[in-house]
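> sequence and predicted structure below; questions after.
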Amino acid sequence: MNKTFEQLLDGYLTDAISEQERSAFYEMLESPANAALLEAAIDRAAREKSFAGNEDHEFLRHQSLARLLARIHEAPTSPKIQKLHPGIRWTAAAAIAVLLTAGLYFWQQHTQPAAREIAAKQDIAAVKGSATLTLANGATISLDSLQNGGTVTTHGLQLSMQNGALSYNPDRDTKTEVTYNTISTSRGRQFILSLPDGTTVTLNASSEIRFPVVFPKDKREVQVSGEAYFDIAKNADAPFIVTAGDVKVQVLGTAFNLKAYSDEPNIATTLISGAVRVTSPQKTIILEPGQQSITTADDDLQVRHVDIGEAVAWKEGRFEFYGNIKDIMTQLQRWYDISTVEYQGDIARYEVAATISRTKKLSEVLELLEKTGNIHFIIQGNKVIVKN
């Protein structure tokens, strides 16, 4: 049975589509007659995948529309879509009208040349990065030295590396007093850790997690700085508590993302599934899936509805840029070997919306960001100049 355009679009966006169906989808995209259908289908998908019924819905719907269009535009095997310009322009213009109200400059989907070339094809490589285990006694172990599929026993620990994920287990003879180990990642490195209770933690670049060698029977508590995604193993007798600065997140079994970089002003907890209790010095709240808590300057907590895909994009190999260009450059510095960023002109008011693969070269990322038509970049050695 032949699938409808909407079914093919949904399959494309969820990677549940065969090569034959992908070809049929691309063929439909080539037809100008499908421009309105594409607009309606994406708008409907964005509405369904966002959070209908809340006060942020209209902004989130257009933000999701930007993301879905960007993904189609950026696919390495996607067709040239010049034929769709009239319809795509109308869709992008509708999104821009809303986004500009909030001060955002939407990355337009129709192809346009970058206003300036990026400094004669200069580039800055992604940081190779490293992951390190620091034991309670101060000894360090390079986790990058562990061979995939191998198991080593050292300092009372069994460390097993499988497909890039570390299984960490204390020896049976390990003493029960509470001592702590730390796993940290450098710039450009992510790392997956499986704790003895079955909880999985994915660390983003420039992050660390401090955890007891052996969890006590009545609770499981860890400390995090940077960013981490948690998939918590259920244990009603031992709540799982994550501390980041003055914020505590308590769960029994759930999945959530915690962002607590020291060079960012807020701590953000985004709930993917289940429920969590978030506590700051001023307030305690319960989050529902699709909600995010943000700390404020006075240690209060604010709750907002968010697009989950944006919060966990880093874990799936994507940059999700929805914000000020300075914040975006901070993210890029965690992934690429950028030593210095220099800002020239009045760029503080510019904000950008874009979805870009982390596998791209920095020059390619900056070229895509330049498509806003308002911000330009120059690469000089390991320095990036941002100007308007």
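Nice, thanks for sending it over. Predicted model only: the values in this text are computed from it and were never measured.
> wait, residue 154 sits on residue 140?
No: between residue 154 and residue 140 there is no contact under C-beta atoms under 8 Å: 11.3 Å. C-beta: built from backbone N, CA, C; applies to glycine.
> next, count neighbours for residue 178.
Look at residue 178: counted by other C-beta atoms under 10 Å, it has 12 neighbours.
> so it belongs to a helix, correct?
No: Residue 178 sits outside any helix when classified using DSSP: H, G, I helix; E, B strand; the rest coil, being coil.
> which residue sits closest to it, ignoring its sequence neighbours?
Among residues not flanking residue 178 along the chain, residue 212 sits closest, at 5.1 Å (C-beta to C-beta, 6 or more residues apart in numbering).
> for the one you found, give me phi and psi.
phi -70, psi 150 (degrees, to the nearest 10).
> show me the residues around it that make contact.
Listed by C-beta atoms under 8 Å, 6 or more residues apart in numbering, the contact set of residue 212 reads 178-181, 221-222.
> switch the cut-off to 10 Å
136, 170, 177-181, 195-196, 219-222 (C-beta atoms under 10 Å, 6 or more residues apart in numbering).
> bridged to it, which residues?
Beta-bridge partners recorded for residue 212 (DSSP bridges): residue 180.
> for residue 223, see how far away it is.
Counting by C-beta to C-beta, to the nearest Å, the gap from residue 212 to residue 223 is 10 Å.
> can you check which residues contact both of these two?
Shared contacts of residue 212 and residue 223 (C-beta under 10 Å, 6+ apart): residue 180.
> longest strand of this protein, counting residues only.
Longest strand of the chain, by residue count under DSSP state E: strand 220-231.
> show me what it packs onto, helices and strands only.
Other helices and strands packing on strand 220-231, by 3 or more C-beta pairs under 10 Å, 6 or more residues apart in numbering; DSSP states H and E, are strand 180-185, strand 191-194, strand 200-203, strand 208-212, strand 240-244, strand 247-251, strand 255-260, strand 268-273.
> parallel or antiparallel, which strands does it pair with?
strand 200-203 (antiparallel), strand 208-212 (antiparallel), strand 240-244 (parallel), strand 255-260 (antiparallel).
> average pLDDT for the first one, rounded please.
Averaging pLDDT along strand 200-203 yields 95.
> cool, and stretch 216-234?
Here stretch 216-234 scores 93 as its mean pLDDT.
> could we number from 804 for the rest of this?
Fine by me, first position is 804 from now on; the one you just mentioned is stretch 1019-1037.
> from the contacts of residue 1015, which is closest to residue 1127?
Nearest to residue 1127 among the contacts of residue 1015 is residue 1025, at 30.7 Å by C-beta to C-beta.
> neighbours of the nearest residue to that closest one once chain neighbours are set aside, how many?
Leaving aside its sequence neighbours, residue 1025 sits nearest to residue 1014 (C-beta to C-beta, 6+ apart; 4.3 Å). The criterion is other C-beta under 10 Å. On that basis, residue 1014 has 22 neighbouring residues.
> ok, residue 1143 next?
What residue 1143 shows, counting by other C-beta under 10 Å, is a neighbour count of 11.
> do me a favour and get the end-to-end distance for stretch 1181-1191?
Stretch 1181-1191 stretches 11 Å from its first residue to its last (C-alpha to C-alpha, to the nearest Å).
> show me which residues of it are buried.
1181-1182, 1187, 1189 (16 or more other C-beta atoms under 10 Å).
> from those residues, which two are the most distant?
Farthest pair in these, by C-beta to C-beta: 1182 and 1189, 10.7 Å.
> for residue 1032, see how far away residue 1024 is.
To residue 1032, residue 1024 is 18 Å away according to C-beta to C-beta.
> overlap in contacts of residue 1182 and residue 1189?
Joint contacts of residue 1182 and residue 1189 (C-beta under 10 Å, 6+ apart) are residue 1169.
> any low-confidence regions in this structure?
804, 813-819, 833-924, 974-980, 1175-1176 (pLDDT under 70).
> where do the helices of it begin and end?
All helices of the chain, identified by DSSP state H, fall at 808-816, 822-832, 838-852, 860-877, 888-904, 1111-1114, 1128-1136, 1165-1173.
> tell me the domain boundaries of the chain?
808-909, 935-1114 (automatic domain parsing).
> test my guess that the residue nearest to residue 1025 contacts residue 987.
No: the pair residue 1014 and residue 987 fails to qualify as a contact (C-beta atoms under 10 Å) at a distance of 11.9 Å.
> distance of residue 952 from residue 994?
17 Å.
> looking at these two, which is more packed in?
residue 994 (27 against 9).
> and the closest residue to that one other than its chain neighbours, how many neighbours?
Excluding its sequence neighbours, the residue lying closest to residue 994 (C-beta to C-beta, 6+ apart) is residue 934, at 4.2 Å. Close neighbours of residue 934, defined as other C-beta under 10 Å, add up to 23.
> my read: residue 934 touches residue 1006, true?
Yes: Residue 934 lies in contact with residue 1006 (C-beta under 10 Å); the separation is 7.7 Å.
> so what sits against both of these two?
986-988, 992-996.
> now a ChimeraX select for only the buried ones of the residues you listed.
The following ChimeraX command selects only the buried members of these, with burial defined by 16+ other C-beta under 10 Å:
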select :986,987,988,992,993,994,995,996
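> nearest to residue 826 among the shared contacts of residue 934 and residue 1006?
residue 993 (33.3 Å).
> you'd agree that closest one is up against residue 1161?
Yes: taking contacts as C-beta under 10 Å, residue 993 lies within contact range of residue 1161: 9.4 Å.
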